[in-house]
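Visitor: quick one: sequence plus predicted model below, questions after.
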Amino acid sequence: MTHTQSESSMNTLVRRIATLSLACSALVATTAAGGATAFADAPAASGGGASASASGFPALDPAALQAAIDIRPGDQAVGAIARVAEPGQLWRGSSGDTVTGRKVADNAHFHIGSISKTFESVVILQLAAEGRIDLDQSVQSYLPGLLPDSFAPITVRELLNMTSGLPDVFEGAPVPTPDQQIAEHLQYLTFDDEIEGTLRPTDRPWPTAHFAPGTEQEYNSLGFRIGGALIEHITGNSYKDEVTSRILEPLHLDQTSVPEDDPTMPKPYLHGYLLDGQGRPVDVSEQGGDPSNMISTPADLDHFISALFKGELLAPAQLNEMFTLPKGADGKVVPYVDTFNCAVGGKPGPACFGAGLMSIPLPNGQTLWGKTGHDYGYVNGMFATRDLSLRAVFSVATTAVNNGGPSAVSDRLLGAVLAPQAAGH
């Protein structure tokens with residue numbers, strides 16, 4: 001089993017739980033500590049504490065933010081970096097690496113995982129604006145024969161907003177052991193390898209649709225592998241070339257790359273680890289994956305989400321697709337299939353993903369939009385309010401055998417942003 005196969009099999013559930021954890025664990029804590037009024041009424045801390053800002057968020061508290069990302073026993077993590085900004089305020093921080101004993105650079109590189117879905121969505125929406133892709137046209141019309149005939153027509157929009165009903169990447173494949181993950185972490189697959197290996201496996205029954213397209217929402221990575229293949233088919237260029245020419249170069253994201261099958265990590269970088277069968281951390285910072293893999297830094301991702309929300313990459317109609325939750329024939333937002341994401345009161349809630357972005361309602365009435373991402377040894381997040389009154393990027397180097405389930409570090413960071421007095425130092 002390849003790196004991508006084992007990552008996908010192990011983390012279909014993990015990515016969803018981690019996303020939910022980022023959004024909810026700290027929110028529950030902050031709400032219990034004082035509810036939405038705490039954001040407006042929090043007193044200033046001595047030495048530069050958290051008075052309320054005009055944005056409706058507390059002023060950034062550097063001590064609380066640093067304490068949040070410092071690694072603690074039981075975190076299943078070895079290091080973290082983060083960047084948090086409000087209008088007129090910017091905080092950058094890092095912890096030490098508990099394996100090497102060295103301080104991590106606060107703008108270190110890391111594998112961004114599924115945050116690349118946001119980049120991919122931008123490229124497809126740009127192609128839609130150019131008239132080269134019709135979001136309401138079916139995948140089958142653009143890529144005939146790619147999907148087995150058992151699948152109903154799936155539109156490009158349904159790929160992007162995760163209402164396709166497709167199975168996830170390598171669904172049903174055996175879950176690898178930690179030592180297998182480590183042994184195979186450098187292996188690389190093309191989009192076609194992943195699509196065919198998922199939809200037409202030779203060692204297990206072919207998967208079927210989870211639901212009729214457009215009727216429900218479920219986190220799905222296969223749709224974005226298909227989206228990557230679509231980009232290459234429509235443009236005649238590689239995924240790397242399109243992301244680079246359309247996003248990285250215009251925004252001067254010089255520290256962001258699409259490495260394809262080159263595992264080399266640019267320095268400095270946050271080291272990612274997996275635990276072997278004896279519980280020893282093994283450095284897997286250099287790893288394989290697929291053509292959509294990306295490496296970036298907190299500063300570059302902050303620049304990217306800021307430029308995106310300002311409309312520098314997409315015209316208003318296409319940008320609105322990213323902030324639009326899918327609706328059914330009845331005009332209501334479609335339901336999310338389970339409680340892995342978008343849950344309300346511990347029960348399945350309405351869809352919370354637009355095209356390449358997830359929405360997270362906050363206790364003060366604001367909404368965060370962004371994306372989490374996981375790769376071997378890394379748990380990441382990139383979020384902002386639509387008006388950019390709050391922006392946050394983080395990466396946690398995890399040692400969790402399940403490659404970063406709920407992250408205590410990211411939970412603490414969100415708590416320190418939303419209610420620094422409750423978070424404590």
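Guide: Sure, I can see it. Numbering: from 1, shown residues only.
Visitor: find the residue at the geometric middle of the protein.
Guide: Compute the mean C-alpha point of the chain, and by CA atoms, centre = their mean the closest residue is Thr372, 2.3 Å away.
Visitor: buried sites along the strand or helix carrying that one?
Guide: Under the criterion of DSSP states H and E, Thr372 resides in strand 367-375. For strand 367-375, the neighbour count (16 or more other CB atoms under 10 Å) marks Leu368, Trp369, Gly370, Lys371, Thr372, Gly373, His374, Asp375 as buried. Quick note: C-beta positions are derived from backbone N, CA and C, even for glycine.
Visitor: cool, stretch 327-336 as well?
Guide: Val333, Val334, Pro335, Tyr336.
Visitor: partner residues bridging the third one?
Guide: I take that to be Pro335. Beta-bridge pairing of Pro335 under DSSP bridges involves Pro350.
Visitor: ok, now which ones touch it?
Guide: Residues in contact with Pro335 (CB atoms under 8 Å, 6 or more residues apart in numbering) are Glu216, Gln217, Pro348, Gly349, Pro350, Ala351.
Visitor: the closest residue to Asp97 other than its chain neighbours in helix, strand or coil?
Guide: Nearest non-adjacent residue to Asp97, counting by CB to CB, 6 or more residues apart in numbering: Gly79, 4.3 Å away. Counting by DSSP: H, G, I helix; E, B strand; the rest coil, the backbone at Gly79 sits in strand.
Visitor: how much space separates Gly79 from Val99?
Guide: 8 Å (CB to CB, to the nearest Å).
Visitor: and the two? Which one has more around it.
Guide: Gly79 (29 against 16; other CB atoms under 10 Å).
Visitor: what residue ranges in the protein score low on pLDDT?
Guide: 1-55, 401-406, 423-425 (pLDDT under 70).
Visitor: what do you get if the cut-off is 80, keeping everything else the same?
Guide: 1-55, 400-406, 422-425 (pLDDT under 80).
Visitor: okay, strands next: where are they in it?
Guide: For the chain, applying DSSP state E gives strands covering 77-86, 89-94, 110-111, 273-275, 281-283, 295-296, 358-361, 367-375, 378-385, 391-398.
Visitor: what sits up against the fifth one?
Guide: The contact list for strand 281-283, computed with CB under 8 Å, 6+ apart, reads Val78, Val99, Ile182, His271, Gly272, Tyr273, Leu274, Leu275, Asp276, Gly377, Thr399.
Visitor: could you do the second one as well?
Guide: Contacts of strand 89-94 with the rest of the structure, by CB under 8 Å, 6+ apart, involve 53, 59-60, 62, 65-66, 69, 79-85, 103-108, 298-299.
Visitor: just the buried residues of these.
Guide: Buried subset of those (neighbour count, 16+ other CB under 10 Å): 53, 59-60, 62, 65-66, 69, 79-85, 104, 106, 108, 298-299.
Visitor: what number of residues lie near the residue nearest to Gly272 when sequence neighbours are not counted?
Guide: Nearest in space to Gly272, with sequence neighbours left out and distances taken as CB to CB, 6+ apart, is Gly377 at 2.2 Å. The tally of other residues near Gly377 (other CB under 10 Å) stands at 30.
Visitor: residues contacting Gly377?
Guide: The contact partners of Gly377, by CB under 8 Å, 6+ apart, come to 111, 271-274, 283-285, 287, 397-399, 403-404.
Visitor: if we go to 10 Å?
Guide: Under the criterion of CB atoms under 10 Å, 6 or more residues apart in numbering, the contact list for Gly377 reads 77-78, 110-111, 185, 270-275, 281-285, 287, 395-400, 403-404.
Visitor: just Ser292 next, same as before
Guide: Here Ser292 is in contact with 113-114, 116-117, 119-120, 191, 194, 221, 224-225, 227-228, 231, 239-240, 243, 258, 260 (CB under 10 Å, 6+ apart).
Visitor: all helices of the chain, in order?
Guide: 3-34, 37-41, 62-69, 116-129, 139-142, 156-160, 178-183, 191-199, 222-235, 239-243, 298-309, 316-322, 408-418, 420-423 (DSSP state H).
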